[in-house]
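[1] Quick one, fold the following:
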Amino acid sequence: MSPGELTFLAVAGFGAGLVNGVAGGGSMVSFPALLAVGVPSLAANVTSTVGIWPGYLGGAAGFRDRLATQRDRLRELAPISLAGALVGSGLLLITSEGAFDALAPWLVLAACGLFAAQPFLARRLADSGAAPGSRGHRVLRDGGVFLASIYGAYFGAGLGVLLLAVLGITVVALLNDINAVRTVLSLLVNSIAMVVFAVAAPVVWSAALTMAAASLVGGYVGARTASRMPVPLFRGVVLVLGAAAAIGLFLK
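    The predicted model follows:
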């Protein structure tokens, strides 16, 4: 790759880390950037996963104060996310490029729809008589996190939106605390996917390494920004990012 292309990808890596730190969806910055410099879509997807992984690490560091109160919840959910990530990354390795291109925008739209409906669904769940922390809530939470983790390892764009929706419906906590949990679960999912893809997928290493350092800084900055953002504004940013991701994939 030329120096100009690598500079472009470094900027995209910072932007992807920033978006992931705020709400997730950073792949919709890094993935199109890789397509723009001529990387095929399936290779762009796995290269994006490897390249922006440090952004999740930076995001987790940015949320460290809020994570101190979420350790028990993370201990419960981490094994579920890791199991889902193994399934999702394995599925991607056996998926054709054409099937991947067809599925991606619909998956992002589904994540956006669920997040938009989250307040309504949470109220309906409460009205049904299921108490917070009940078995019904835990089954929905764990099943939702598992499916979201499969999706996230398969195609990372919208993983943060989907996890926020699932956790927002099934967990009673401040949205910023839920976002902190989302960041760590996203880090775990992408860690598994990164290892699998580094061994068995067509990663473009010059691009991935260029994006990595920039995404680490972007993730930290994004997380610190999100922790200070009013909840209505935060929810609006999440939905705008998700809708933009889906439109970009349909137009690709």
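[2] Please count neighbours and contacts with C-alpha atoms only from this point.
    OK.
[3] Pull up the per-residue confidence for residue 24.
    Per-residue pLDDT puts residue 24 at 65.
[4] oh sorry, the question was meant for residue 230
    Looking at residue 230, the pLDDT reads 68.
[5] Test my guess that residue 29 contacts residue 12.
    Yes - contact criterion C-alpha atoms under 8 Å: residue 29 and residue 12 qualify, at 6.1 Å.
[6] Which of the helices and strands in the protein ranks last by mean pLDDT?
    Every helix and strand of the chain was ranked by mean pLDDT, DSSP states H and E. The lowest is helix 118-127, at a mean of 64.
[7] In the helix or strand following that one, which residues are buried?
    Using DSSP states H and E, the helix or strand that follows helix 118-127 towards the C-terminus is helix 135-154. Residues 137, 140-142, 144-154 are the ones in helix 135-154 that count as buried (16 or more other C-alpha atoms under 10 Å).
[8] residues touching residue 114, list them.
    Neighbouring residues of residue 114 by C-alpha atoms under 8 Å, 6 or more residues apart in numbering: 162, 165, 166.
[9] One more pass at 7 Å, please.
    Residues in contact with residue 114, defined by C-alpha atoms under 7 Å, 6 or more residues apart in numbering, are residue 165.
[10] Could you look up the SS state of it?
    Following DSSP: H, G, I helix; E, B strand; the rest coil, the label given to residue 114 is helix.
[11] One more: residue 69?
    Applying three-state DSSP: residue 69 is coil.
[12] re earlier: which members of the buried residues of helix 135-154 are the farthest-apart pair?
    Maximum pairwise distance in the buried residues of helix 135-154, criterion C-alpha to C-alpha, is 25.6 Å, between 137 and 154.
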